[in-house]
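Enquirer: I would like the atomic coordinates for the input below:
(chains A and B)
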Number of protein chains: 2
Amino acid sequence: MKILLVICDGMGDRPSKYFKGKTALQATKHKNLDLLAKNGSAGIMDTIAPGIRPGSDTAHLALLGHDPYKVYTGRGPFEATGIGMDLREGDVAVRCNFGTVKNGTIVDRRAGREAFGLDELGKALNVKIGDTEMLFKHAVGHRGALIIRGTGLSDKIGDTDPHEEGKQIKTSVALEPEAKKTAEVLNEYIKKAQEILAAHPMNKEREKRGFPLANAILTRGPGLAPKIEKFEKKYGIKGGCVTATGAIAGVTKYCGLDTKLVEGRGLASDLDKKTDMALDMLKEKEFCLLHIKGCDDYSHDGNGAAKAKMIGKIDAMIGKLVKKAPKDLIIAVTADHSTPLEFKNHTSDPVPLAIYGQTMRRDNTKRYDEIECAGGAIGRIRGQDLIKILLDLAGKTQLFGA
Amino acid sequence: MKILLVICDGMGDRPSKYFKGKTALQATKHKNLDLLAKNGSAGIMDTIAPGIRPGSDTAHLALLGHDPYKVYTGRGPFEATGIGMDLREGDVAVRCNFGTVKNGTIVDRRAGREAFGLDELGKALNVKIGDTEMLFKHAVGHRGALIIRGTGLSDKIGDTDPHEEGKQIKTSVALEPEAKKTAEVLNEYIKKAQEILAAHPMNKEREKRGFPLANAILTRGPGLAPKIEKFEKKYGIKGGCVTATGAIAGVTKYCGLDTKLVEGRGLASDLDKKTDMALDMLKEKEFCLLHIKGCDDYSHDGNGAAKAKMIGKIDAMIGKLVKKAPKDLIIAVTADHSTPLEFKNHTSDPVPLAIYGQTMRRDNTKRYDEIECAGGAIGRIRGQDLIKILLDLAGKTQLFGA
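Expert: Now for the predicted structure:
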């Protein structure tokens, strides 16, 4: 038996004016999601713990069975992995902006949000400071990531981004004695980067086109690449992931899932194609995480109509999935967190969960939503437990004791 | 108020073909179990934790309030206690087979599974190696247990059983530097045992009767006798246990329950007699664990008909028990783990639980099964929490704070 875990990013909700006091799942029709709950069992899940608002990254760490309080060291490392950088244990990774500096003052923290030429500028920023390697990569827009690789490094260093315009670039401070070298290396790099960027012909090109100069790097969110037991080592089976979101790809890759970063999120995306990719992956792997972005974006925008449509789109996908899936597949459908339309950001409200498959008990749940699932036979579980439950349903776990 | 905890070994299940997609509890009638749930409250329980497949030993440790991840050190110790050996903290206990060796090669790892004379041969194997005592006892069939008692011992030693015929007995290796003495003592003992067994007249008797010689001891599963706070010390009340299973008796004794190991398991056993013994125990003790074997054996065999009958037998017992029980008794009925008929081994699927007694809230549960109990007022709890809940219902716990 094999496992498909479908994560509908930000699908959970709270009462919303748009739905007359109901959640999006309560107010919309979704017969295929309902069938999963009906023919399997339902429950609700605190992805991290009750009352804890998960990020998508910490939520996915938990869903893959890791304790985010132990392994999450900041966004830097997962952002770097998410854009395809080869992060290694011991590296320190920081999130970066290209910014515009004039006479030592930051006039634009985002260099006009203009990505023109930043790929090339980013490549010029790969240098050595003493014996420490500085690996830079442009991501999207004005963003990038920096990996600091060497010996004796620490992530207990301050940001160089003052998070405000009209100020100077901050000097990174060591927040513990062991971080002195890292802070010094980073400060030297920030100066060196300004020299490199100022002299680079691509900035002449930007000027010519009327774009703000990208002549400085601002750093924030440093994190030490955490020690994470890779999926195959941890569970003894191979796993994959299909997602259109770089940050999720960063987490799943780092956790050892063979990750396909695909195009298209939200209502414009081709969910059937993603489903097929996931089912294809399951031909040679025992586990696949299929991540669906859409509900989360529309919830951040407070767009109830689009969230309702996205749920309909997911429901149609589930219908086709169940028809195409091999008989011995365990299918679980849940979310990484709630993103209420009224709050426009992630909350800790538990997410609905349905597990469907030959070995799963069938309970009396009739609908897939936050309220009906809470009455299901799974009860209320935590995100870290889900993968163990699924592995046991698929017969992939060891007895503890005799 | 006093507490009777009835553990129906392996009673939980998954959807089964034998019961047309239902569990054995869902498909069978059991009006007395239902009455307990109806007149008390119901819930489901992860004996160890969600997704963790419990052994009967680790499950019972949890049900007695211990964290099996902290106190479970392998099967050896509990097997030794289970056959009535006097295990003490600091002892190392290993599981043993009598085997047949010819010209240094193991020709039968189980000495023909023939128990004839093994009690007597076992007694001859109690010797000293240097200052270390080697205490051996024959169990059933070809099996036995060895306690290594002395100073400076470790359980981090390799098996001498190669787990394969046609091979030589393995030399036990020290898996940590501190285990050197234990491995050396065990290796010397293994040689000495062969001399004792070869020279013993009982092996002449076995030869005469055409049984394979029991001329070697093979060891596996070493474990250090764990530090476990005894029941009376931990909870301030006296507790007992009635069981027909040696391994369970091993755990409950070691945890400090006054344990009666009785005859008869499964459909042939006299459950009314066991009930009476438990109620008798409760005249002078505040807690009794009544362990009922049967469902587990039939589930390991995939025998749905026998499992259904066993549930009926348990139900009849519960009916009589409720009539005979004193009014101030708290009765809890649950299982140590699920043993699905289709899977034929323990799984992590939560087990049903009903708690009945004057101080227990009454919920709306109408039936005792894995699905209906999940909707009960107890919700989903963990095995380690159950004893504390029962003790509090019986008024035996202390306030934490003021």
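Enquirer: So which bits of the stretch 301-402 of chain A are right by chain B?
Expert: Within reach of chain B by C-beta under 8 Å from any C-beta of the partner chain, the stretch 301-402 of chain A has these residues: A:358-364, A:375-382, A:385-392, A:395, A:397-402. (Each C-beta comes from the backbone N, C-alpha and C, glycine too.)
Enquirer: Buried only: go through those residues for me.
Expert: Taking 16 or more other C-beta atoms under 10 Å in any protein chain shown as the criterion, what is buried in these is A:358-364, A:375-382, A:385-392, A:397, A:400-402.
Enquirer: Which positions in the longest strand along chain A come out as buried?
Expert: The longest strand of chain A (DSSP state E) is strand A:92-102. Residues of strand A:92-102 classed as buried by neighbour count (16+ other C-beta under 10 Å): A:V92, A:A93, A:V94, A:R95, A:C96, A:N97, A:F98, A:G99, A:T100, A:V101.
Enquirer: for A:I318, what are its contacts?
Expert: By C-beta atoms under 8 Å, 6 or more residues apart in numbering or on different chains, A:I318 lies in contact with A:V6, A:H30, A:N32, A:L33, A:L36, A:V333.
Enquirer: just to revisit the earlier point, sort out for me which of the buried ones among the residues of the stretch 301-402 of chain A next to chain B are in helices.
Expert: Of the positions in those, A:D385, A:L386, A:I387, A:K388, A:I389, A:L390, A:L391, A:D392 sit in helices, assigned by DSSP state H.
Enquirer: Mind putting the residues you listed into TSV with pLDDT?
Expert: Conversion of these to TSV gives the following (pLDDT from 0 to 100):
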residue	pLDDT
A:D385	98
A:L386	98
A:I387	98
A:K388	98
A:I389	98
A:L390	98
A:L391	98
A:D392	98
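Enquirer: Pull out the buried residues from the helix or strand bottoming out on mean pLDDT in chain A.
Expert: Here the helix or strand of chain A ranked lowest by mean pLDDT, DSSP states H and E is helix A:75-82, holding a mean of 86. For helix A:75-82, burial by neighbour count (16+ other C-beta under 10 Å) applies to A:R75, A:G76, A:P77, A:F78, A:E79, A:A80, A:T81, A:G82.
Enquirer: What helices and strands are in contact with it?
Expert: Counting contacts by 3 or more C-beta pairs under 8 Å, 6 or more residues apart in numbering or on different chains; DSSP states H and E, helix A:75-82 packs against strand A:92-102, strand A:143-149, strand A:216-224, helix A:246-254.
Enquirer: The helix or strand containing A:K233 and chain B, any residue contact?
Expert: Under the criterion of DSSP states H and E, A:K233 resides in helix A:231-235. No - Helix A:231-235 is not in contact with chain B by C-beta under 8 Å from any C-beta; minimum separation 11.0 Å.
Enquirer: In contact with whatever residue of the stretch 151-300 of chain A ends up closest to chain B, which residues?
Expert: Using C-beta to the nearest C-beta, the single residue of the stretch 151-300 of chain A nearest to chain B is A:Y235, 11.0 Å away. Shown in contact with A:Y235 (C-beta under 8 Å, 6+ apart): A:G65, A:F287, A:I387, A:L391, A:K396.
Enquirer: okay, which residue is most central for chain A?
Expert: Note on chain A: the residue nearest the mean C-alpha position is A:I248, at 2.9 Å, using C-alpha atoms, centre = their mean.
Enquirer: Run through the residues that contact it.
Expert: By C-beta under 8 Å, 6+ apart, A:I248 lies in contact with A:D9, A:S56, A:D57, A:H60, A:G82, A:C241, A:H291, A:K293.
Enquirer: Next: A:A24.
Expert: A:M11, A:D13, A:S16, A:C295, A:G304, A:K307, A:A308, A:I311, A:L341.
Enquirer: nearest to B:F116, of those residues?
Expert: Using C-beta to C-beta, A:M11 comes nearest to B:F116 of those, at 66.4 Å.
Enquirer: Quick one: neighbours of the closest one, just the number.
Expert: Neighbourhood size, A:M11 [other C-beta atoms under 10 Å in any protein chain shown]: 31.
Enquirer: Return the per-residue confidence for the residue nearest to A:D336 when sequence neighbours are not counted.
Expert: Counting by C-beta to C-beta, 6 or more residues apart in numbering or on different chains, A:A59 is the residue found nearest to A:D336 once chain neighbours are left out, at 3.8 Å. A:A59 carries a pLDDT value of 98.
Enquirer: A:A59 and A:M45 touch, don't they?
Expert: No - look at A:A59 against A:M45 with C-beta atoms under 8 Å: they stay out of range, at 10.1 Å.
Enquirer: shared neighbours of the two, anything?
Expert: Joint contacts of A:A59 and A:M45 (C-beta under 8 Å, 6+ apart) are A:G383.
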